[in-house]
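I would like the atomic coordinates for the input below:
(one chain, ligands or ions: 1)
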Amino acid sequence: MKTETSGIEIQDLHLSFGDTRVLTGVNLTIEPGEFFGFLGPSGSGKSTLLRSIAGFGPRPSGSIKVGGSDVLSLPPWKRNVGMVFQSYALWPHMSVRDNVAFGLQERKVPAAQIKTRVNDALDLVGLSHLADRMPNQLSGGQQQRIALARTVVIEPQVLLLDEPLSNLDASLRVQMRRELLALQRKLGLTTIFVTHDQEEANSTCDRIAVLDKGVIQQVGRPQDLYDNPVNLFVARFLGTANILEGRIEKSADALRFVTTGGDALPIGSSNPGDAAIVLRPQNIAIGERPDGDTIPGKVLHSEFLGSQIRYIVSAAGSELVVDKSHRQGETTLPTGAEIALQVNMQSAVVLHA
Ligand SMILES: Nc1ncnc2c1ncn2[C@@H]1O[C@H](COP(=O)(O)OP(=O)(O)OP(=O)(O)O)[C@@H](O)[C@H]1O
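As a prediction, the model looks like this:
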């Protein structure tokens, strides 16, 4: 199977359905060979953006280049992109082999070549032994692999995946996402993966674009988005975020963050003014007594999660999530317990109002 692949460049893309703006000012560069994610809540415009690249739906304004060529004026079948849909869209009346061969027959590829390429594609997804089955004789995971084989067999320059795992049960999803990544690495094919599941995106994607209301909020590697979110939306969407609202004040030579609840915490270099700070649960520890960077809190709720205990704590005028690793034999703090929280302010992300 050929591994020619292309980068994608999107500039100033806008799209509305009637009065509803669905994509606003999208600019994005995806490198050749990247496994790239579109991540966002339902209705954020992920599928619309993907479909715009594939050439489905109304034509947006702006520009989309695949491999340096503008594709916006081309119909889907001339764009050299392969798309796998959430529903797989296999032909129910055709065998697995015929499903995979279909796109090649449409392109008038000689029969001998079709045979070799279909065999190669089925080998690639490990399902050669099921070539003569009908789609309804396959499991969900197998159908998904056939849908992938049917797409990569046409040797697209980019692979577009629209929530490809959402019809599978939880454990199969985990297995299939690893398989997807292995297949992508093997082919070196530029891939865009649409998902609303942050764990799925974090575990597979080289980089992710986080979308909200048709606007790209941030683009980056999963760790960068988690560690350095640019706004509260991204902070909340990736992982659990404790958000403290308040003000950064300068007193004497020191800066401190004063929460709306009146607690003061020392803070490193930053500008005074209204701000919010983002703290991940693992960066707040439960201490013995209030001193230093600690703030008082009260346990509202606890959940035993096995390796750790998750506490919901009322502190600093807010409800905070605090994870404490569980040691064998240790008991969970009761609801109502008065505790001191030690806050790792080095890890705090400051977002100015
Ligand atoms: N054909 C259409 N006509 C009118 N509005 C549409 C159409 N298709 C999508 N929309 C609207 O565009 C917005 C973005 O939809 P889109 O399917 O791209 O979101 P999404 O992030 O992929 O969501 P989901 O995860 O639920 O699929 C939504 O508000 C949706 O209602």
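
which one is residue 149 nearest to, not counting chain neighbours?
Nearest residue to residue 149 in three dimensions, chain neighbours excluded: residue 121, at 4.1 Å (C-beta to C-beta, 6 or more residues apart in numbering). Every C-beta, even on glycine, is put in place using the N, C-alpha and C of the backbone.

ok, the one you found - contacts?
1, 100, 149, 150, 152, 153 (C-beta atoms under 8 Å, 6 or more residues apart in numbering).

can you tell me the SS state at it?
Classification of residue 121 using DSSP: H, G, I helix; E, B strand; the rest coil returns helix.

how about the strands of the stretch 101-250 of the chain, start to end?
For the stretch 101-250 of the chain, the strands defined by DSSP state E, counting those that start in this stretch cover 158-162, 190-195, 207-212, 215-220, 242-251.

give me the packing partners of the fourth one, helices and strands only.
To tie it back to what came earlier, the one meant is strand 215-220. With contacts taken as 3 or more C-beta pairs under 8 Å, 6 or more residues apart in numbering; DSSP states H and E, strand 215-220 sits against strand 20-30, strand 207-212, helix 232-237.

neighbour-wise, which of the contacts of residue 121 leads?
In terms of neighbour count, residue 100 stands highest of those at 30 neighbours, by other C-beta atoms under 10 Å.

which phi and psi does that residue have?
Main-chain torsions, residue 100, degrees, to the nearest 10: phi -70, psi -30.

that one touches residue 120, doesn't it?
No. Assessed by C-beta atoms under 8 Å, residue 100 is found out of contact with residue 120, at 9.9 Å.

spit out the residues that contact those two alike.
Joint contacts of residue 100 and residue 120 (C-beta under 8 Å, 6+ apart) are residue 153.

gap between residue 281 and the ligand?
26 Å (C-beta to the nearest ligand atom, to the nearest Å).

residues contacting that residue?
240, 242, 310, 320, 321, 322, 323.

could you redo those residues as CSV and give each row neighbour count and secondary structure?
Shown next, in CSV, are the contacts of residue 281 (neighbours: other C-beta atoms under 10 Å; DSSP: H, G, I helix; E, B strand; the rest coil):
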residue, neighbour count, secondary structure
240, 14, coil
242, 22, strand
310, 15, strand
320, 22, strand
321, 18, strand
322, 26, strand
323, 20, strand
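
which residues does stretch 132-139 contact?
88, 90-97, 99, 130, 143, 146.

what residues does the stretch 51-200 of the chain have near the ligand?
Proximity of the stretch 51-200 of the chain to the ligand, by C-beta under 6 Å from any ligand atom, involves residues residue 196.

again, only using 8 Å
51, 57, 58, 162, 163, 194, 196 (C-beta under 8 Å from any ligand atom).

who wins for neighbours among those residues?
Counting neighbours by other C-beta under 10 Å, the top entry in these is residue 194, with 23 neighbours.

make sure residue 249 is actually in contact with residue 258.
Yes. Between residue 249 and residue 258 a contact is recorded at 5.6 Å, counting by C-beta under 8 Å.

which one's more surrounded, these two?
residue 258 (18 against 14).

for the more buried one, what are its contacts?
Residue 258 sits in contact with 246, 247, 248, 249, 264, where contact means C-beta under 8 Å, 6+ apart.

burial count for the last one?
Residues lying near residue 264 (other C-beta under 10 Å) number 16.

let me see the ranges of the helices in the protein.
Using DSSP state H, the helices assigned to the chain run over residues 46-54, 96-106, 111-124, 140-152, 170-187, 198-204, 222-227, 232-237.

JSON lines for those, including mean pLDDT and distance to residue 216?
Formatted as JSON lines, the helices of the chain follow (pLDDT from 0 to 100; distance: least, C-beta to C-beta, whole Å):
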{"stretch": "helix 46-54", "mean pLDDT": "96", "distance to residue 216": "9"}
{"stretch": "helix 96-106", "mean pLDDT": "93", "distance to residue 216": "31"}
{"stretch": "helix 111-124", "mean pLDDT": "92", "distance to residue 216": "32"}
{"stretch": "helix 140-152", "mean pLDDT": "89", "distance to residue 216": "25"}
{"stretch": "helix 170-187", "mean pLDDT": "87", "distance to residue 216": "22"}
{"stretch": "helix 198-204", "mean pLDDT": "93", "distance to residue 216": "14"}
{"stretch": "helix 222-227", "mean pLDDT": "95", "distance to residue 216": "12"}
{"stretch": "helix 232-237", "mean pLDDT": "94", "distance to residue 216": "10"}
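
nothing else from me, thank you.
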